[in-house]
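Novice: what shape does this take:
(one chain, ligands or ions: 1)
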Amino acid sequence: MNRRELFRGIGAAGIVTLLSRKRASATTAEPSRRGLPALKITDIKAITTAPSGIRLTVVKVETNEPGLYGLGCATFNQRTLPVKVAVDEYLKPFAVGRSADDIEDLWQNAYTSSYWRNGPVLNNALSGLDQALWDIKGKRAGMPVYQLLGGRCRFAVDTYAHCGGRDVIELQDDVQKQMAEGYRHVRIQLGGYGAAHLSQQADFRTAGFGEPKDGHMDVFPYISSTPKMFAHIRKTCGEEIELLHDIHERIPPIDAINLIKSLEEFRPYFIEDPFAPEANGWFKMLREQTSVPIAMGELFNNPHEWVDLIVNRHIDYIRVHLSQIGGLTPGRKLATLAEQFQVLTAWHGPGDVSPVGHAANAHLDLAVHNFGIQERVLFDEATQEVFPGCPTMKNGYMMVHEAPGWGVDINEAAAAKYPLPEHPGYWSPIRRRDGTAVRP
Ligand code: MG
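Specialist: Reported below is the predicted structural model:
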């Protein structure tokens with residue numbers, strides 16, 4: 001039916017009704033902006049700073065409304081400068097002049113603006129823009145971002161503390177100290193990244209292979225000491241404390257499976273990062289072998305890496321690094337996908353996330369039903385000087401600063417006092433006894 005036939009069919013009265021409906025919808029479409037003028041992006045810049053010695057990157061997005069700007073985390077500690085270039089030289093010219101209101105539209109188009117996509121540098125740059133737009137939307141609405149996501153599911157964000165020591169006695173002291181401060185969950189580790197100090201003689205150094213400063217980690221000392229560590233902490237710190245542990249992907253997959261099975265009797269809360277991200281195919285075997293809860297995802301960048309693990313229920317906690325996957329917009333979708341499969345969230349929250357990024361983690365934690373646990377963060381004085389409004393900790397809970405947006409601001413003059421360290425930030429090699437490279 002063409003237009004003429006349509007109009008003939010409905011008659012003059014019908015045409016008047018249609019036109020009046022069209023006018024009505026035209027007038028009702030406008031109030032979706034609630035009378036606010038269209039908001040345009042006028043400037044974007046990446047700000048780098050290192051108040052605690054860690055390279056932080058925050059993207060500031062300014063708008064045509066005087067004084068209205070947003071902040072987003074784009075921190076990639078190991079590759080700071082490529083992210084800054086991606087923001088300043090590519091995202092800025094792409095996004096300036098576009099609507100700051102339409103976050104989803106801008107995310108989708110910025111995501112594909114490089115054609116090739118899904119890598120950590122571009123995803124971090126995109127996160128900076130995305131989170132800044134959510135900050136702006138919250139400020140415009142006069143609400144914390146968690147309210148825009150549906151409001152709170154809980155009064156605060158439960159967290160786990162990192163505990164470590166060179167031996168089980170030092171570790172026990174640390175666990176008991178955290179328990180006294182109110183923590184109900186602790187991650188227990190002997191030494192850093194697999195207890196290098198427990199390893200055998202580093203023959204590669206004697207042989208002059210690699211550099212003397214290269215790290216060292218052997219499989220057997222780690223996998224034999226870990227069940228003993230759990231046994232000691234269970235015995236000395238009690239049944240109630242929840243125990244977490246991170247394998248850091250640094251042992252062969254079959255050894256990780258055997259190790260996790262040997263920890264069953266100690267009731268771990270979760271075991272993190274059993275396999276390297278390239279080894280996702282091992283999760284099915286792991287699941288068939290043990291019911292110990294598994295957390296995975298901090299090295300993931302895109303849906304190819306997490307969708308199958310979630311829909312096949314091969315993991316229990318998804319713990320991506322929100323800025324590595326492109327910000328809050330993909331993060332809340334991932335949380336919703338996980339909810340359908342009873343997978344809980346445990347967003348990665350180490351020191352190399354800016355306070356803006358930690359706030360984004362916490363706002364999402366507050367708003368999603370399938371929140372599991374959050375990695376604790378403590379901010380030193382210098383970081384709080386640069387970022388007024390950092391999330392705070394009390395009795396093991398994280399609280400956001402209750403202000404519109406993320407609740408975190410930046411003092412750019414203070415940020416400039418803390419330039420990036422001279423070392424560019426790359427990770428140094430870790431080797432087995434014979435010098436073979438170990439990869440996380
Ligand atoms: Mg980890």
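Novice: may I see the buried residues of stretch 130-148?
Specialist: Neighbour-count burial for stretch 130-148 flags 130-140, 143-148 (criterion: 16 or more other C-beta atoms under 10 Å). Heads up, the C-betas are built off the backbone N, CA and C, glycines and all.
Novice: do stretch 270-281 as well
Specialist: Phe270, Ile271, Glu272, Asp273, Pro274, Phe275, Ala276, Pro277, Asn280.
Novice: could you measure from Ile44 over to Gly128?
Specialist: 8 Å (C-beta to C-beta, to the nearest Å).
Novice: so, low pLDDT: which residues of this structure?
Specialist: For the chain, the stretches with pLDDT under 70 are 1-35, 193-196.
Novice: close to the ion: what parts of it are there?
Specialist: Within reach of the ion by C-beta under 5 Å from the ion, the chain has these residues: Asp246, Glu272, Asp273, Glu298.
Novice: make JSON lines out of these and add secondary structure and distance to Asp255.
Specialist: Below are these laid out as JSON lines (DSSP: H, G, I helix; E, B strand; the rest coil; distance: C-beta to C-beta, whole Å):
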{"residue": "Asp246", "secondary structure": "strand", "distance to Asp255": "15"}
{"residue": "Glu272", "secondary structure": "strand", "distance to Asp255": "16"}
{"residue": "Asp273", "secondary structure": "coil", "distance to Asp255": "14"}
{"residue": "Glu298", "secondary structure": "coil", "distance to Asp255": "20"}
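Novice: out of the residues you listed, who's nearest Ala110?
Specialist: Glu298 (23.4 Å; C-beta to C-beta).
Novice: in the host helix or strand of Trp107, what's buried?
Specialist: Following DSSP states H and E, one finds Trp107 within helix 103-112. Residues of helix 103-112 classed as buried: Ile103, Leu106, Trp107, Ala110, Tyr111 (neighbour count, 16+ other C-beta under 10 Å).
Novice: closest one of those residues to Asp214?
Specialist: Tyr111 (37.2 Å).
Novice: the closest one contacts Arg117, correct?
Specialist: Yes - using C-beta atoms under 8 Å, Tyr111 is in contact with Arg117, at 5.8 Å.
Novice: now do the domain split for the protein, please.
Specialist: Annotated domains of the chain cover 41-143, 147-406 [automatic domain parsing].
Novice: okay, how far is it across the last one, tip to tip?
Specialist: With C-alpha to C-alpha, to the nearest Å as the measure, the ends of domain 147-406 fall 11 Å from one another.
Novice: and stretch 175-187, C-alpha only, in CSV?
Specialist: Extracted C-alpha coordinates of stretch 175-187, given in CSV (Å, rounded to 0.1, in the frame of the first residue of the first chain):
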residue,chain,number,x,y,z
VAL,A,175,46.0,-12.5,58.3
GLN,A,176,45.3,-11.9,62.0
LYS,A,177,46.0,-8.2,61.6
GLN,A,178,43.5,-7.9,58.8
MET,A,179,40.9,-9.9,60.7
ALA,A,180,41.3,-7.5,63.7
GLU,A,181,40.6,-4.7,61.2
GLY,A,182,37.3,-6.3,60.3
TYR,A,183,38.2,-8.2,57.1
ARG,A,184,36.2,-11.4,56.6
HIS,A,185,38.1,-12.3,53.4
VAL,A,186,41.8,-12.5,52.8
ARG,A,187,44.0,-13.5,49.9
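Novice: chain center to that stretch: distance?
Specialist: With C-alpha atoms, centre = their mean, to the nearest Å as the basis, stretch 175-187 stands 23 Å off its chain's centre.
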